[in-house]
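1. Make a model of this:
(chains A, B and C)
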Amino acid sequence: MQEFDVAVIGAGPAGISAAIESAALGVSVALIDDSPLPGGKVFAYPVNYLEGSERKIRNRLFRGMGHFKDRIFIFSETEVWNIQGEYTLGLCRKEISGAKPLEIRAKKIIISIGALERSLPFSGWTLPGVFSLGGMNKLAKKGIVPGKRILIAGSGPLQLVLAYHLLKAGGSIEGIINIASPMQMVGGLPGIFTSASYSLLKSGLRYLINIKVNRIPTYFSHAVSRIDGTDGVESVTIVKLDKCHKPVKGSERQINADCVGYGLGLIPSLDLTRLCGCAHVFDEELGYWRPKLNGNMETTRPGVFVAGDCLTIKGYLAAIEEGKIAAAEACYQLGVHNKNHLGSTFAASSRKLKRYRRFARALEALSRPRPGLLDLITEDTVVCRCEEVTFGQIRSAVTAGARDINDIKRRTRLGMGHCQGRFCGQVINELIMKLTGNMQKREMFTSRIPARPIPFGVLSGQCGGHDDL
Amino acid sequence: MCAKADQHCHKREEHPEVFTIEVNGKNIVAHAGQTIAEAMLANGLKVFRRTRNGSPRGPYCGMGICYECRMIVNGIPNVRTCMTPATPGCKVLTQDESLMRVE
Amino acid sequence: MGTKKSVEAVVIGGGVIGSAVTYFLALNHVEVILVERGAIASGTSGRCEGDVVVCDKEPGFDSQLAKLSLDLFPQVASQLDYDIGWTQKGSLLIIENEEEMEAATRFCGRLAAEGIPARMLDRKEALDMEPALAKDIVGGMETTCDGSLYPMGLAYGLLHEAKKRGARISTYSPVVKIETDNKTSIHKVITPDAEIITKNVVNAAGVWAPTIGKMVGLNIPITPRQGQMLVSERAFPVASRKVMEFGYMMAKFGNRSYVRNVSPEMEEFGVALVFEPTEAQNFLIGSSRRFVGMDTSCDIRVLRAIAQRAIRFFPAIKDINIIRSYAGLRPYTPDHLPIISRTEIPGFYVAAGHEGDGIGLSLITGKLIAQMICDQSLAIDISPLSLARFQGRKKDVCES
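-> Below is the predicted model:
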């Protein structure tokens, strides 16, 4: 079994930064990522797909990795599905001949698996042609426009990024609709302007000008209330929202679109911190679950660190700084450097981090849905995409006596499918509270091995298996 | 015990810049570096899967976590096409889960 | 103290056993309250497979009891206003070598003599029946009457019906104390919210039955025996019926000198193939048997051994994904038979200790307890199931 000082899981900006910092301090690093290319959601593209500061940062990160190539072992197209003891990692590597099992050992673990998009279900959101904003952005960045008349819905800065890339790829945008009110937007501006870096402001402005120049209709205080179609998006209904994001009756109108990008900001991806048994808290201010920290980026499980958006959503600049801190702390615990170095790394990064975090909070406030938006969920709305569990079925389960999320799961199969509750888990607590009228303790689904689906062949330790070829 | 950073980046075969893949018996054009999902969407194909209740599904998250874009690829079911590079001649079928029943 | 209630019977435990007892009591017009410390089917019943089988029962009393229970399922399933996923596709025991073939042939003959529809298959017949099986098996034994269902659905369905007939269900109500008046034989079942006065108490608390027993001074020799399971994704059908290996049964219950050709881990963790297709179009793979207290976490070594054993019999599943694993606690008794029994305390009954047979034996258990409480004649002589059979025994030692 290969042994490493540090295993970094997720080769986005936080992970690459943590790997470089660790390697610079002289330890061996396993850098594990499920994609063919390192870089994460922002940077995992050939360099000619990126522009401006993104390209510069990507090049800096890749140069760093290259510089320490003797100490950084990259495991690409590799998923971590189990972590046990202190610490053996169960890996599943995709190869041309099939999926292969692999076990490695590491003294410290840095989890930097980023974010996923927040979503609330509504009728028709499972139709082909409805994409998450990030999912569609990835296509657009590679020049693929998945529809003829695209509507961008939801909230958050990804809307602007997507519009920019779609237009660049020659796409036609029917409109951008955003749940936030114009007042909210204006109110959020000072926070954004005082905390954003020059480069972020510049790209933000570029995105906005782009929308203006192309005369894309923009609707604030609006949401998609339903999408209809047989084998794809045929018509989209949007609705006006009040201050609590409650849909205003009678304000529905049709938009002629055949493709919808939808998302409500980002939330941390917790698959691996949950698998490790780290404690999590529901952050009322941010509106999502996040790992609880015990020290410098260390979780409640000693030796397991987090960095980047899988802790809280702050974007790649902050992720890079958090990666450095996590690595410096992990290496300090390994005894490879002294307190002074740790202190100076911490001091250098934390000043920047403060600003980035302020920026992220300002943006988060604009993307976060309010409880009224739950009213869009109708009886026939599919809440659990994998097992096709509707809100009506959840209501029946609650009527029959179900009171907690695992009880709902046993009664309806909600959360029992391939995605392992990643999407329905975001909303099920709120739905139970809505149906019972009780504010009760929020819960997460119990974490189970494997953290990602893996072939029997991989679990058995033998070769074979063809997960994703 | 040091090794090259790219030691574990298993090399895929080099593909031509443009090639075809077979989707439900029809050839479509794919470009090197595209996933199967990207090649299909670039060709206007949106329905990737049907659930056991018959409802159509296509890619949603684009990053391998929603598992909506699963198809039968070279005979293997449940392959996430958004994570699987297109390779020349690969055979892709819509995954119809209503037909995957025990009779 | 909370509200005071008075009722004819209190059932403690909201798993399939408690649910079946409550159902049959309600059917017999007995006023009943079920109290459960958590949610319905949140213990062993929510962490098991949905077996209703006779193929793995010792011919004789054991198989008769199982058959009596099985025969209740088709009717109950059709009467419930709730889909419990009942199917009756039979089961297949697979045979790895000639020695097992000989033992299985004898076993099959004895089951058949009990009136159970069991028959031997040669290699070709077994492979025709389940083509995905490894080609090197020697044969099989088919039992056509065996069935399966969604275990949690069974509990919900039975209670749904019981409620319609007046039964009350009190979830998230752990029993904290039971007071018994020796003169009047009246029990007071106390939960944080209520005091329930009753003449009849049924301890259907499964692996927690000893804790409830202690409240009235009864020693109930039930030990948790952990089992781990793997859940597959929805994929092409692998097999259409339940498939298990005969060799494990042989080593466990029959010829103890028989040793299967398995890895040390499989031996240590009691790993044996159990394959069960589900109505949700995926399949469950087990099994393991270990004594690890109340631990319900999965151990990767056990899961790995289960996967290896499954691939040995179904090589094609190596390409199919596992999406989840879970572990449950079987309520084990030293002689592998459940306790369905009156006790030395008048009006206090035990319905627990079904080990891996709780789903299959649930209905007969419910029926028998209801018959006892209603003073009806019993469907079968249950002296082998009495709690008294363990009394006078020294501390019961668990075998592993």
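2. Surely residue C:306 is in a helix?
-> Yes. Using DSSP: H, G, I helix; E, B strand; the rest coil, the assignment for residue C:306 is a helix.
3. tally of neighbours for it?
-> The tally of other residues near residue C:306 (other CB atoms under 10 Å in any protein chain shown) stands at 31. Every residue, glycine included, has its C-beta placed from N, CA and C.
4. Downstream of the one helix or strand in chain B whose mean pLDDT sits lowest, the next helix or strand is which one?
-> One helix or strand of chain B scores below all others by mean pLDDT, DSSP states H and E: strand B:76-80, with a mean of 92. Downstream of strand B:76-80, the next assigned helix or strand under DSSP states H and E is strand B:91-93.
5. helices or strands next to that next one in the packing?
-> strand B:18-23, strand B:70-73 (3 or more CB pairs under 8 Å, 6 or more residues apart in numbering or on different chains; DSSP states H and E).
6. Kindly reformat these as JSON lines containing distance to chain A and mean pLDDT.
-> As requested, those are exported to JSON lines (distance: least, CB to the nearest CB, whole Å; pLDDT from 0 to 100):
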{"stretch": "strand B:18-23", "distance to chain A": "12", "mean pLDDT": "97"}
{"stretch": "strand B:70-73", "distance to chain A": "6", "mean pLDDT": "95"}
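7. what's the closest non-adjacent residue to the residue of the stretch 1-150 of chain C found nearest chain A?
-> Chain A sits closest to residue C:39 of the stretch 1-150 of chain C, with a gap of 4.0 Å, by CB to the nearest CB. Spatial nearest neighbour of residue C:39, excluding adjacent residues (CB to CB, 6 or more residues apart in numbering or on different chains): residue A:407 at 4.0 Å.
8. How about residue A:356?
-> Computed as CB to CB, 6+ apart, the closest residue to residue A:356 that is not its neighbour in sequence is residue A:318, at 3.6 Å.
9. Could you do residue C:112 as well?
-> Distance criterion CB to CB, 6+ apart; nearest residue to residue C:112, sequence neighbours excluded, is residue C:118 at 5.3 Å.
10. And the residue nearest to residue C:39, how far from chain B?
-> According to CB to the nearest CB, to the nearest Å, residue A:407 stands 23 Å off from chain B.
11. dump the residue contacts of that residue.
-> Contacts of residue A:407 were listed using CB atoms under 8 Å, 6 or more residues apart in numbering or on different chains, and they are A:397, A:401, C:39-40, C:42.
12. Can you get me a residue count around residue C:12?
-> Residue C:12: 28 surrounding residues under other CB under 10 Å.
13. Show me what it bridges to in the sheet.
-> residue C:35, residue C:203 (DSSP bridges).
14. Chain B contacts on the stretch 251-400 of chain C?
-> With CB under 8 Å from any CB of the partner chain as the criterion, the stretch 251-400 of chain C meets chain B at residues C:277, C:281, C:319-321.
15. isn't residue C:275 right next to residue C:314, touching?
-> Yes. Counting by CB atoms under 8 Å, residue C:275 touches residue C:314, with 6.7 Å between them.
16. shared neighbours of these two, anything?
-> Counting by CB under 8 Å, 6+ apart, the common neighbours of residue C:275 and residue C:314 are C:238-239, C:243.
17. By neighbours, which of those residues wins?
-> Counting by other CB under 10 Å, residue C:243 has the largest number of neighbours within the shared contacts of residue C:275 and residue C:314, with 27 neighbours.
18. before we move on, which element is that one in?
-> Using DSSP H and E, residue C:243 maps to strand C:242-245.
19. Briefly note if that strand comes near chain A.
-> No. Using CB under 8 Å from any CB, strand C:242-245 never reaches chain A; the gap is at least 14.8 Å.
20. What is that strand packed up against?
-> For strand C:242-245, where contacts count as 3+ CB pairs under 8 Å, 6+ apart, the packed elements are strand C:91-95, strand C:274-277, helix C:300-313.
21. so what does the longest one touch, helix or strand wise?
-> The reference is to helix C:300-313. Packing partners of helix C:300-313 (3+ CB pairs under 8 Å, 6+ apart): helix A:456-459, strand C:223-232, strand C:242-245, helix C:264-268, strand C:283-286.
22. mind listing what the following helix or strand past that helix pairs with, with the direction of each?
-> For helix C:300-313, the following helix or strand on the C-terminal side (DSSP H and E) is strand C:321-332. Paired strands of strand C:321-332, with direction, are strand A:454-455 (antiparallel), strand C:223-232 (antiparallel) (DSSP bridges).
23. what inclination does strand C:321-332 have with respect to strand B:76-80?
-> Angle, strand C:321-332 to strand B:76-80, by axes from the mean of the first three to the mean of the last three CA atoms, to 10 degrees: 110 degrees.
24. Tell me who's in contact with the residue nearest to residue A:356.
-> Residue A:318 makes contact with A:308, A:352-353, A:356-357, A:360 under the criterion CB under 8 Å, 6+ apart.
25. host element of it?
-> If you go by DSSP H and E, residue A:318 is part of helix A:316-333.
26. Give me the mean pLDDT for that helix.
-> On average, the pLDDT along helix A:316-333 is 95.
27. how much distance is there from that helix to the middle of the chain?
-> Here helix A:316-333 is found 19 Å from its chain centre; the criterion is CA atoms, centre = their mean, to the nearest Å.
28. How about stretch C:87-101?
-> When distances are taken as CA atoms, centre = their mean, stretch C:87-101 is centred 20 Å away from the chain's centroid.
29. Now that stretch: buried residues?
-> By 16 or more other CB atoms under 10 Å in any protein chain shown, the buried positions in stretch C:87-101 come out as C:87-88, C:90-96, C:100-101.
30. so residue A:388 sits right up against residue B:50, yeah?
-> No. Applying CB under 8 Å, one finds residue A:388 not in contact with residue B:50, separated by 11.3 Å.
31. Does the closest residue to residue B:46 other than its chain neighbours belong to a helix, a strand or coil?
-> Once flanking residues are discounted, residue B:46 sits nearest to residue A:128: 4.0 Å by CB to CB, 6+ apart. Assigned by three-state DSSP, the conformation of residue A:128 is coil.
32. What's the local residue count around residue A:128?
-> Other residues lying near residue A:128 total 25 when counted by other CB under 10 Å.
33. List the contacts of it.
-> Residue A:128 sits in contact with A:231-233, B:46-48, B:56-58, where contact means CB under 8 Å, 6+ apart.
34. Output the below-cut-off pLDDT ranges for chain B.
-> Residues of chain B meeting the criterion pLDDT under 70: B:1-14, B:101-103.
35. Give me the most central residue, it.
-> residue B:81 (2.6 Å; CA atoms, centre = their mean).
36. what's the closest non-adjacent residue to residue A:73?
-> By the measure of CB to CB, 6+ apart, the closest residue to residue A:73 outside its immediate chain neighbours is residue A:30, 5.1 Å from it.
37. Within the helices and strands, which one has the one you found?
-> Per DSSP H and E: strand A:29-32 holds residue A:30.
38. For that strand, name the packing helices and strands.
-> If contacts are counted by 3+ CB pairs under 8 Å, 6+ apart, strand A:29-32 sits against strand A:2-9, helix A:13-24, strand A:72-75, strand A:88-95.
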